[in-house]
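# here is a sequence with its predicted model. Questions after.
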Amino acid sequence: MERRDFHATQARTRRGPNETATERKAREALETEIAGEKIFTAFAGATEYFGTDKSKTVLSAHTAFRAMREFCSYEPVEVGGVKKKMIVVRKPDGSRILGEDGNPAPFAEAVGKLIAALPDKDQILRGSQRAGSGSAGGSNYEPGDLDLDHLTDEQLRDPKIRRALRDRSANAGGIVMGRAFLGDRTGAQK
């Protein structure tokens, strides 16, 4: 009986002229569900952007999936002469986000470019500064930008990066007591 059920199931899921409308609807529903699961898994795996305290956005993978699902599809794509199904991310204008090789970009790279293209990106990206009174939050992040808040020791030794950090701290706001920023570093009273 198991063998017959296997063959019956296989026959019901077979595409072609013998497929009934009910079987086609069931197959398409299953394909849609699988595509949704694959896309959600890609969002959950893109921890650079979603789901952790160090992610570049404030969104969990679940929230990002619900907000950006409309820009993602799981479709056949020809890569190197071979047709295979993969996740394709599109910009708000509908154009595919491509990698350097001209094929659809890997998901994490593509979603970074998608976020940069969204008109409300400042509401979903983490601010580059600590939150506080008077802080507008948001970010001017573009994919490939250096995150000055999370540098490695090697990056801290780079003179260009040290200069960027010094310039950023020179413009930092806050209350200044005394003559700290007036050039008098000796501490002498005048």
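Thanks, I have it.

# domain ranges for this protein?
Following automatic domain parsing, the chain resolves into domains at 2-145, 147-190.

# any idea which of these scores lowest on pLDDT?
When these are compared by mean pLDDT, domain 147-190 comes last with a mean of 62.

# following the chain onward from the helix ranked longest in the chain, which element is next?
Across the chain, the longest stretch assigned as helix under DSSP state H is helix 21-45. Next in sequence after helix 21-45, counting helices and strands by DSSP states H and E, comes helix 61-68.

# what angle sits between that following helix and helix 21-45?
If you take axes from the mean of the first three to the mean of the last three CA atoms, to 10 degrees, helix 61-68 sits at 120 degrees to helix 21-45.

# please identify the buried residues of helix 61-68?
Within helix 61-68, the residues that qualify as buried are 61, 64-65, 68, counting by 16 or more other CB atoms under 10 Å. Every residue, glycine included, has its C-beta placed from N, CA and C.

# now tell me what touches that helix from outside.
By CB atoms under 8 Å, 6 or more residues apart in numbering, the residues outside helix 61-68 that reach it are 39-40, 43-44, 46, 49-51, 57, 59, 111, 114, 124.

# list just the nearest of the residues you listed to Cys72.
Ile39 (4.9 Å; CB to CB).

# the closest one contacts Cys72, doesn't it?
Yes. Using CB atoms under 8 Å, Ile39 makes contact with Cys72 at a distance of 4.9 Å.

# any common contacting residues for those two?
Joint contacts of Ile39 and Cys72 (CB under 8 Å, 6+ apart) are Ile87.

# show me where this protein has helices.
Secondary structure of the chain (DSSP H): helices at 2-12, 21-45, 61-68, 107-117, 121-124, 153-156, 159-170.

# ranking these by burial, who's on top?
Among these, judged by mean count of other CB atoms under 10 Å, the one packed with the most neighbours on average is helix 107-117 (a mean of 20).

# orientation of it relative to helix 21-45 in degrees?
Here helix 107-117 points in a direction 80 degrees away from that of helix 21-45 (the same axes, to 10 degrees).
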